[in-house]
Each structure stands twice: as C-alpha cells, then as structure tokens.
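A.B. asks: when you get a sec, could you give me coordinates for this:
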Amino acid sequence: MSSSAAPSPATDANSSVASVSTLYERLGGAASVEAAVDIFYNRIIVDPELAPFFEGIDMKKQRRKQAAFMTYVFGGAGAYEGRDLFKAHKRLIEEQGLKERHFDLVGGHLLETLRSLNVPEDLTDEAMAIVATAKPIIFGRV
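C.D. replies: You can find the predicted model right below:
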C-alpha cells in the first residue's frame with residue numbers, strides 16, 4: 001500500500017469536475033491489496049486465538065478469495081463472486097465457535113497490517129469502517 005500521497009484525480013476533458021478515485025486506487029491497487037493480504041494472513045495464522053479456524057484450509061486459495069473480496073469492497077474492478085458473508089462463516093460459527101471477539105481480533109490484525117505498510121490514517125480509517133460493516137452480516141444481525 002502506497003505511503004505516498006494519493007494521486008491527483010483525473011479531470012474529464014468535457015468537465016471541470018475531477019473524478020474521485022476509489023479507496024482501492026488510493027491504497028495502490030492490486031499489488032498493494034495482495035501485499036496487505038499476505039501480511040494480514042501471516043499475522044492471523046500465528047495468532048493462537050485465530051489459527052485454529054484456518055487449520056486444513058488452502059491458504060493460497062484463501063488469500064486469493066480475500067484479495068478479491070477486498071478489491072470489491074474497496075471499489076476495485078470486477079464483482080465479488082464468493083459466497084455471501086453469512087453463509088461463508090456459518091459453519092465456523094456453528095461448529096468451531098467463531099465469535100464476534102474473533103472478528104475483532106481479525107480487524108486488529110488488518111489495522112496493524114495497514115499501519116505496518118504506512119497507509120495514511122485517513123485511508124486506514126476508511127478501510128476499517130468498510131470492514132466493520134461486515135460484522136453484523138457475518139453474525140446474522142442484519
């Protein structure tokens with residue numbers, strides 16, 4: 001994720017109104033999201049509270065799915081084609097005891113990942129606000 005200032009918005013030749021870049025673009029695009037996902041999962045799989053949820057999981061595939069999801073929710077190109085968040089986490093909740101505190105731990109790892117990449121605070125806050133919207137969906141409170 002880029003530690004430099006956000007690129008200046010492009011201006012449409014037919015308009016004096018500048019286009020607004022997406023969070024995905026301001027974070028640095030695909031390479032930045034993939035780097036963040038790698039660091040993020042490297043942190044999670046060594047966390048004794050979270051590692052059990054990833055036992056037996058193909059982490060290469062998991063990283064790809066997470067990068068695709070983050071690309072989508074941060075405004076990148078393409079559509080998210082994965083399962084909805086509630087269905088994707090239902091087995092973990094029912095069979096492995098996934099709780100909201102685990103979601104908060106995961107969020108903490110994402111926050112620390114973004115900080116370790118020197119992502120500006122305003123972009124970090126924006127990303128974390130987006131991620132927070134997933135919590136009630138995952139736990140069936142919508």
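A.B. asks: and the residue most central in space within the chain, which helix or strand is it part of?
C.D. replies: Centre of the chain computed as the mean C-alpha position; nearest residue by C-alpha atoms, centre = their mean is Met70, 4.2 Å away. Using DSSP states H and E, Met70 falls within helix 59-73.
A.B. asks: quick one, what contacts the closest residue to Arg63 other than its chain neighbours?
C.D. replies: Distance criterion C-beta to C-beta, 6 or more residues apart in numbering; nearest residue to Arg63, sequence neighbours excluded, is Val37 at 5.3 Å. Every residue, glycine included, has its C-beta placed from N, CA and C. Neighbour list for Val37: 63, 66-67, 70 [criterion: C-beta atoms under 8 Å, 6 or more residues apart in numbering].
A.B. asks: Val142 now?
C.D. replies: Residues near Val142 by C-beta under 8 Å, 6+ apart: Pro136.
A.B. asks: separation between it and Lys90?
C.D. replies: To Lys90, Val142 is 14 Å away according to C-beta to C-beta, to the nearest Å.
A.B. asks: Gly108: what's it in contact with?
C.D. replies: So Gly108 contacts nothing (C-beta under 8 Å, 6+ apart).
A.B. asks: same thing with Val33?
C.D. replies: Neighbouring residues of Val33 by C-beta under 8 Å, 6+ apart: 1, 24, 27, 67, 70-71, 74, 76.
A.B. asks: then Phe103?
C.D. replies: 134-135, 138-139.
A.B. asks: mind naming the longest helix for this structure?
C.D. replies: helix 100-116 (DSSP state H).
A.B. asks: now it - C-alpha only, CSV.
C.D. replies: The C-alpha trace of helix 100-116 is given here as CSV (Å, rounded to 0.1, in the frame of the first residue of the first chain):
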residue,chain,number,x,y,z
GLU,A,100,-17.5,-11.5,17.5
ARG,A,101,-14.4,-11.2,19.6
HIS,A,102,-12.6,-13.3,16.8
PHE,A,103,-13.9,-10.8,14.2
ASP,A,104,-12.4,-8.0,16.4
LEU,A,105,-9.1,-9.8,16.6
VAL,A,106,-9.0,-10.2,12.8
GLY,A,107,-9.9,-6.5,12.5
GLY,A,108,-7.0,-5.7,14.8
HIS,A,109,-4.6,-7.6,12.5
LEU,A,110,-5.9,-5.8,9.5
LEU,A,111,-5.4,-2.4,11.3
GLU,A,112,-1.8,-3.4,12.2
THR,A,113,-1.1,-4.6,8.7
LEU,A,114,-2.2,-1.3,7.2
ARG,A,115,-0.1,0.6,9.8
SER,A,116,2.9,-1.6,9.0
